[in-house]
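Asker: Need coordinates for the below:
(chains A, B and C)
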Amino acid sequence: MEPSLILIAIGAPWIGAVVVWLIGDRQPRLQHLTAAIASLVAAAAALWLLQPTFWGETGKVVLRLPFGAFVGDMTFVADSLGVFLAVIATTIGSLTVIFSQGYMAGVAQLGRYYTLVLLFIGAMCGLVLSGNLLFLFLFWEMTAFCSYALIAFYNDDPKAVAAGIKALIVTQLGGVGLLIGIIVAAAYLPDLQISTLLAAAGSLPSDILTIIAFGFLIAAMAKSAQFPLHIWLPDAMEAPTPISALIHAATMVNAGVYLLARFYPAFAAVPGWTAVVIAMGVTSALLAALFAVFSNDIKRVLAYSTVSQLGYMVAGVGIGAIFESQFYLFSHALFKALLFLSSGAIIHELGTRDMREMGGLWKRMPQVVLPFLIGAAALVGLPFFNGFWSKELLLETALESNPLGVYLPLALGAAITTFYTARMCRMVFFAPIQHERTADDHPHVPLSMSLPLALLALGVALAWLLAAPFVSWMWATLPFHAEYILPHRAPESLISTHTLFAWSTLIIMSLTLVGLYLGWRAGATTAASARLAPRIGRIEAFFNESAEAVSGATRQSAALLQKTQTGQLNWNIVGIALGLIALLIIILQGVL
Amino acid sequence: MSIDMVLIVGLILSAILTVRARPLTAALWLAVLSAITALLLYRLGAPEVAVIELSVGAGLITVLLAFAISMAEDESMPASIVPRPFAWILILAAGGLLLWLILPQLPGVKAATAAEAPFITQMWENRLLDLLVQIAIIISGVIGVLSLLGESRRTAEPKMEARS
Amino acid sequence: MSPLQLSFMGIIALLGVGLYALLASRNLIKIIIALQIMTKSAILALVVAGNATGRINLSQSIALTVIVVDTIVAVLALALVVQIKRQTGHLDAAKLTDLRH
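Answerer: Got it, this is the predicted structure:
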């Protein structure tokens, strides 16, 4: 049963992708329908895998496709880390597909759009369920390609194309790190199964394990948009908004956190590794939150908020809180998808992303405002939404394990998060109307857009109830991670008055209230703080400028080398012959 | 003089003749070269590849070459842009280095036998992924050729109109 | 000398002749033929390696892959040559410098 479910979760979106492509752009309704069905089938298969009878263990292969002794078998494993992310990718993915029916109505080249979205969802499922490092890498690269093609979907807009290429280059940097790690691992391991690496990590030479660990870390840094490789994510907002929801919540950025969590037991002992992970997460959490405060583009605020919240998860993995960070990832996926989709509905209606041109939406679009506010409340961590429980759990563990280095900055980050969220909500919904349309014009939001919003809002309000089953599931299926999954706490006590009255919660709640108050006040004036804004803007620009400096240097050196390119085939062959001679001389030196 | 010596001399001779001839003749000499290679492969204990080399190298490629030469008519070319002596220096340097690398070890080289899976198992089981990728390459090659040759009809027509 | 040892000479000679043809000829069809000669050298080298290490079946399967890929390369290159002839009217590699910066 499990093998076919796994195959459906990965295969249904891919078959759907081919079918949508074959249908052609002349029948958009049929395309919408096919895409929705394909993604819903995958979601059903992934949800079906949640049944206790189907629980698998890390290293226990449920599906093995033989690919010969030279590359190893393509294996799939149904442990909680993988299935959990596959469920997120397919369910939130199918909700964004349904949402797209309203959002993308009338857009040209729908076939390309849906084909890539479905390919993306299937590749993400394969990435998290794969038990073989080589195939994990293949799926990893597939998601990188899909994100590039979807960010650059409006390919007549040079900004979108530039953003897509930026995302591709940055994530490829991570892909190179992953590939180096995998190749080095392949040289020292009998096969490329993930469980083999986890089991053999202790017996590998320490310098080899260090190379693997930091290679994987670079991959996660690029994929999960952590400093200093976060630069692609804010630009990725050029994509259609459902794609932003897909990238930020369902598929792309989760892969990096998944990689860190998956291999944490292997790399935790590598000197300096956890310190770098923590530093990366904490810096991202703080700096991105600061950037969000000074952005006026609603999608940019949300994008920086994703970088910041991912920082929480990464720092959580760094202190060994695997369950807490995965639980937070679960909450974040729900509320960030909700926030992006409802902001998409707003953008779709107003035709602008600038919050200074919004305002007064409270009365006009209640069916969108309510879900957005629920999502914002979860992002802030107001009781008793899912963001509250997961963030408090994570921060409580941080207070116990590393109060100064992790808890303090993350608590500060939580305060800044409430600040920019309150500012955003006031500017968008409650400020005086800034746009020309009249206040009593109630736009029609189609069912295909409001239904996903309602479902996600319901999930945000209730998903925290799953904490106890989630932790026992993780205990049962992750033998390598067992010692890192809340060893000191009973699952039943996760959601309880204990959390509610913990010291950490009280501190965070008071910080939240302060942040809310200040943010609410800041939202009244559309102009950002005159004194701080340029400085923060300068820091924000610094990362982009340094990336541009690197690309500029690359381009200049290429221009220098261009002089050697005569375009004459015969002279190129001379280069090859000279290379051959040089190679032979090197080999001869080794032999003699 | 053993049959192997004859084969090697024939191999080198046909290669030189291939390079010196005009394209259509060169294609025929290439077929001869391919046939000799196939014989040599057979002598080296690789009968399966020898058969495939004979049919593909000497058969298919020759036909395709002849076909392409008839489509793109032959023409005379001016001398090479890389000076001949320079080319000779490069070739002799590379060949000399290779010989220097190989000759000292040559007396020790002899045919070895080791236990290993049969050819079919190696092909279809141990290197299954490679095989699948090969199939993908073949399919993409076919698509490439079709689009390359199909495009000419579409692009050729507007040009004719533009000229008239 | 055994066929194995003699083949080394054949491999080096084919490589040299093919490389020389690549350096010296401007005719695109001759360039494809030169590539073919060098591929023969590679196939021979693979089988020789298999013969010398006793893993002839593995080397045969890899040589088969080389033949397949090489055939695809030749077919695609010939299609390109025909297309170049139609578009530019000549087969001279030295004149194909449109992409030069």
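Asker: switch to C-alpha atoms for all contacts and neighbour counts from now on
Answerer: Noted.
Asker: Next, the contact list for whichever residue of chain C sits closest to chain B, please.
Answerer: When distances are taken as C-alpha to the nearest C-alpha, chain C reaches nearest to chain B at C:Gly54, 4.1 Å away. Neighbouring residues of C:Gly54 by C-alpha atoms under 8 Å, 6 or more residues apart in numbering or on different chains: B:111-115.
Asker: so which of these comes closest to chain A?
Answerer: Nearest member of the contacts of C:Gly54 to chain A, counting by C-alpha to the nearest C-alpha, is B:Ala115, at 15.8 Å.
Asker: just the helices in chain B please.
Answerer: Using DSSP state H, the helices of chain B run over residues B:3-20, B:23-43, B:47-52, B:61-71, B:84-102, B:119-121, B:128-163.
Asker: repeat for the stretch 301-450 of chain A
Answerer: Secondary structure of the stretch 301-450 of chain A, counting by DSSP state H, counting those that start in this stretch: helices at A:322-350, A:361-364, A:366-380, A:386-401, A:408-425, A:447-462.
Asker: how about a markdown table for those, with mean neighbour count added?
Answerer: Compiled in a markdown table, the helices of the stretch 301-450 of chain A are given as follows (neighbours: other C-alpha atoms under 10 Å in any protein chain shown):
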| stretch | mean neighbour count |
| --- | --- |
| helix A:322-350 | 26 |
| helix A:361-364 | 18 |
| helix A:366-380 | 23 |
| helix A:386-401 | 24 |
| helix A:408-425 | 25 |
| helix A:447-462 | 20 |
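Asker: relative to helix A:447-462, how tilted is the one helix or strand A:Thr96 maps to?
Answerer: For A:Thr96, the host element (DSSP states H and E) is helix A:80-103. Orientation of helix A:80-103 against helix A:447-462 (axes from the mean of the first three to the mean of the last three C-alpha atoms, to 10 degrees) gives an angle of 150 degrees.
Asker: Counting by contacts, list what the following helix or strand past helix A:80-103 packs against.
Answerer: On the C-terminal side of helix A:80-103, the closest following helix or strand by DSSP H and E is helix A:110-129. The contact analysis (3 or more C-alpha pairs under 8 Å, 6 or more residues apart in numbering or on different chains; DSSP states H and E) places helix A:110-129 against helix A:2-23, helix A:28-48, helix A:80-103, helix A:133-151, helix A:254-267.
Asker: wait, does the longest helix seen in chain C contact chain A?
Answerer: When chain C is parsed with DSSP H, its longest helix is helix C:56-88. No - using C-alpha under 8 Å from any C-alpha of the partner chain, we find that helix C:56-88 stays clear of chain A, coming within 10.9 Å at best.
Asker: quick one: that helix to chain centroid distance?
Answerer: Here the centre of helix C:56-88 is set off from its chain's centre by 9 Å, with C-alpha atoms, centre = their mean, to the nearest Å.
Asker: before we move on, what about stretch A:34-44?
Answerer: For stretch A:34-44, the distance to the chain centre is 21 Å (C-alpha atoms, centre = their mean).
Asker: then it to CSV, C-alphas only?
Answerer: Coordinates of the C-alpha atoms in stretch A:34-44 are reproduced here as CSV (Å, rounded to 0.1, in the frame of the first residue of the first chain):
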residue,chain,number,x,y,z
THR,A,34,-6.9,18.8,-14.5
ALA,A,35,-4.4,20.6,-12.3
ALA,A,36,-6.7,20.7,-9.3
ILE,A,37,-7.6,17.0,-9.6
ALA,A,38,-3.9,16.0,-10.0
SER,A,39,-2.8,18.0,-7.0
LEU,A,40,-5.8,16.8,-4.9
VAL,A,41,-5.1,13.2,-5.7
ALA,A,42,-1.5,13.7,-4.6
ALA,A,43,-2.7,15.4,-1.4
ALA,A,44,-5.1,12.5,-0.7
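Asker: Would you mind checking the average pLDDT for that stretch?
Answerer: Mean per-residue pLDDT for stretch A:34-44: 90.
Asker: Check stretch A:222-238 too.
Answerer: 85.
Asker: give the contact list for the residue of the stretch 151-300 of chain A found nearest chain B.
Answerer: Minimum separation of the stretch 151-300 of chain A from chain B (C-alpha to the nearest C-alpha) falls at A:Asp191, amounting to 13.8 Å. Contacts were defined as C-alpha under 8 Å, 6+ apart; by that measure A:Asp191 touches A:Gly72.
Asker: Low-confidence bits of the chain, can you list those?
Answerer: Using chain A here. Applying pLDDT under 70 to chain A flags residues A:70, A:433-443, A:487-488, A:525-531, A:591-592.
Asker: my bad, the chain I had in mind was chain B
Answerer: Residue ranges of chain B with pLDDT under 70: B:1, B:151-164.
Asker: If we use 50, what do you get?
Answerer: Along chain B, segments meeting pLDDT under 50 span B:156-164.
Asker: which residues touch the spatially most central residue of it?
Answerer: The residue lying closest to the centre of chain B (C-alpha atoms, centre = their mean) is B:Gly57, at 6.7 Å. If you count contacts by C-alpha under 8 Å, 6+ apart, B:Gly57 has them with B:31, B:34-35.
Asker: Now distance to B:Gly10 too, for those residues, in a markdown table please.
Answerer: Converted to a markdown table, these look like this (distance: C-alpha to C-alpha, whole Å):
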| residue | distance to B:Gly10 |
| --- | --- |
| B:Ala31 | 12 |
| B:Ser34 | 11 |
| B:Ala35 | 10 |
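Asker: and of these, the nearest to A:Pro371?
Answerer: Comparing those against A:Pro371 with C-alpha to C-alpha places B:Ser34 closest, at 71.7 Å.
Asker: Return the residues in contact with the closest one.
Answerer: Contacts of B:Ser34 by C-alpha under 8 Å, 6+ apart are B:53-54, B:57-58, C:40.
Asker: what do you get if the cut-off is 10 Å, keeping everything else the same?
Answerer: Neighbour list for B:Ser34: B:11, B:14-15, B:28, B:40, B:50, B:53-59, B:61-62, C:36-37, C:40 [criterion: C-alpha atoms under 10 Å, 6 or more residues apart in numbering or on different chains].
Asker: what do you get for A:Met221?
Answerer: Going by C-alpha under 10 Å, 6+ apart, A:Met221 touches A:170-171, A:173-174, A:177, A:215, A:227-230, A:253, A:256-257, A:260, A:277, A:280-281, A:314.
Asker: And it, which helix or strand is it part of?
Answerer: Using DSSP H and E, A:Met221 falls within helix A:206-223.
Asker: List the buried residues for that helix?
Answerer: Of all the residues in helix A:206-223, those buried under the rule 16 or more other C-alpha atoms under 10 Å in any protein chain shown are A:209-223.
Asker: Just flag the most distant two among these.
Answerer: Maximum distance among the buried residues of helix A:206-223 (C-alpha to C-alpha): 21.0 Å, for A:Leu209 and A:Lys223.
Asker: Could you count how many residues lie near residue 77?
Answerer: All of this is about chain A. 28 (other C-alpha atoms under 10 Å in any protein chain shown).
Asker: my bad, the chain I had in mind was chain C
Answerer: 17.
Asker: which residues touch it?
Answerer: By C-alpha under 10 Å, 6+ apart, the contact set of C:Ala77 is B:145, C:28-29, C:31-32, C:71, C:83.
Asker: State the distance from it to C:Leu35.
Answerer: 11 Å (C-alpha to C-alpha, to the nearest Å).
Asker: just A:Leu451 next, same as before
Answerer: 61 Å.
Asker: same thing with A:Gly102?
Answerer: 55 Å.
Asker: How about A:Ile576?
Answerer: Noted for A:Ile576: a distance of 13 Å to C:Leu35, by C-alpha to C-alpha.
Asker: more crowded one of these two?
Answerer: More neighbours surround C:Leu35 than the other of A:Ile576 and C:Leu35, with 20 against 14 (other C-alpha under 10 Å).
Asker: got the angle between the host helix or strand of that one and helix B:61-71?
Answerer: In the assignment (DSSP H and E), C:Leu35 maps to helix C:28-53. For helix C:28-53 against helix B:61-71, the angle by the same axes, to 10 degrees is 170 degrees.
Asker: just the angle between helix C:28-53 and helix B:3-20, please?
Answerer: Angle of helix C:28-53 versus helix B:3-20, following the same axes, to 10 degrees, is 160 degrees.
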